[in-house]
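Trainee: take a look and give me a structure for this.
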Amino acid sequence: MNAGIAAAHLEDQVLPKRCGHIGGKALIAANEMIGKLRMARAVAEDLGNADFIVIARTDGLSAIDAPEPARGLDLAIDRALRYLDTGLPDLVWCEFPTSDRGPVETFADQVRRRFPQARFAFNWSSSFKWFNDPAPISFAELGDLGYAFVFITLGAQHAMGHGLSRLLQAMAKTEEQGYVELQREEWAPGEDFPTKSHHFFSGVPYHQAVGKHYDAARLGTEFAEALPAEKVV
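Mentor: Numbers count the residues shown, from 1 in each chain. This next block holds a predicted model:
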């Protein structure tokens, strides 16, 4: 919290935990989870960070083992209600196993019958094949249901892997021209890719300025040589 982190989510899985989209999940007792929430809130208050956001996550919907007899959506709703009843979490995150909108809507509706102002977190997960969903639930629709924090886990990893794979495939076909085409896209008029200059992207000007300020830039006076801009990044 002192490092500037604004929020954290705590899970009700047993340790070692599993990814929310891998089978075999088991839950700790609800009282133990509530103790974790109490701890997080107490630490935030001790540090004077009253605005710290605590997110209570439950994997109850697809858990195969839990102290309660209920399973599935009933268990997830019950867990959410018990966590919100403490007044500790700012949001509740139910991890859904598929992109089906039915459980998402039912969960929000049932919880808000008791807590009308409840807010939820939603993992618009990259584990789901959204492109095969004829009507994927939209961010706007989620907002109407009370989902105040929507995120795509591993979205950046997929984007980076996709980009690198495209580059390697192109270079396998056309050798150096594969990279030439990448640069054409990066530097195309009207485009704004921060990586087109890896010097600026990695903060070279800033570190050079710091070095000059503290008389530590001993290898030159500027970070860039006097070379034509049309030839170097």
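
Trainee: please identify the buried residues of stretch 52-67?
Mentor: For stretch 52-67, burial by neighbour count (16 or more other Cβ atoms under 10 Å) applies to 52-63, 66. Where you see a C-beta, it was placed from the backbone N, CA and C, and this is true even at glycine.

Trainee: and stretch 36-54, by the same measure?
Mentor: Across stretch 36-54, burial judged by 16+ other Cβ under 10 Å covers K36, L37, A40, R41, A44, F52, I53, V54.

Trainee: which of those fall in strands?
Mentor: Among the buried residues of stretch 36-54, the subset assigned to strands under DSSP state E consists of I53, V54.

Trainee: now flag whichever of the buried residues of stretch 36-54 is closest to G178.
Mentor: The shortest approach to G178 among the buried residues of stretch 36-54 belongs to I53, at 43.7 Å (Cβ to Cβ).

Trainee: what bridges to the closest one?
Mentor: Judged by DSSP bridges, the bridge partners of I53 are A7.

Trainee: quick one: the strands in the chain?
Mentor: 7-11, 53-58, 91-94, 120-123, 147-151.

Trainee: among those strands, which is nearest G211?
Mentor: Of all the strands of the chain, it is strand 7-11 that lies closest to G211, at 35.2 Å by Cβ to Cβ.

Trainee: would you mind checking the average pLDDT for that closest one?
Mentor: Averaging pLDDT along strand 7-11 yields 96.

Trainee: and stretch 69-76, by the same measure?
Mentor: Across stretch 69-76, pLDDT averages out at 97.

Trainee: distance between the ends of that stretch?
Mentor: Terminal residues of stretch 69-76 are spaced 12 Å apart (Cα to Cα, to the nearest Å).

Trainee: for that stretch, buried residues please.
Mentor: Applying 16+ other Cβ under 10 Å to stretch 69-76 flags L73, L75, A76 as buried.

Trainee: which one of the residues you listed is nearest A209?
Mentor: Looking across the buried residues of stretch 69-76 and measuring by Cβ to Cβ, the closest to A209 is A76, at 51.6 Å.

Trainee: mind listing the helices for this structure?
Mentor: 30-46, 73-85, 101-114, 139-145, 155-174, 176-186, 198-201, 204-213 (DSSP state H).

Trainee: the residue nearest the centre of the chain: what's it in contact with?
Mentor: The centroid of the chain falls nearest to T153 when counting by Cα atoms, centre = their mean (4.4 Å). Under the criterion of Cβ atoms under 8 Å, 6 or more residues apart in numbering, the contact list for T153 reads N123, S125, S126, S127.

Trainee: run the last query once more with 10 Å
Mentor: By Cβ atoms under 10 Å, 6 or more residues apart in numbering, T153 lies in contact with C19, G20, H21, N123, W124, S125, S126, S127.

Trainee: how far away is the fourth one from A70?
Mentor: What it means is N123. The gap separating N123 from A70 is 22 Å, by Cβ to Cβ, to the nearest Å.

Trainee: dihedrals phi and psi, A229?
Mentor: Main-chain dihedrals, A229, degrees, to the nearest 10: phi -60, psi -20.

Trainee: what about it, how many residues close to it?
Mentor: When neighbours are defined as other Cβ atoms under 10 Å, A229 has 7 of them.

Trainee: in the protein, where is pLDDT below threshold?
Mentor: Residues of the chain that meet the criterion pLDDT under 70 lie in 217-225.
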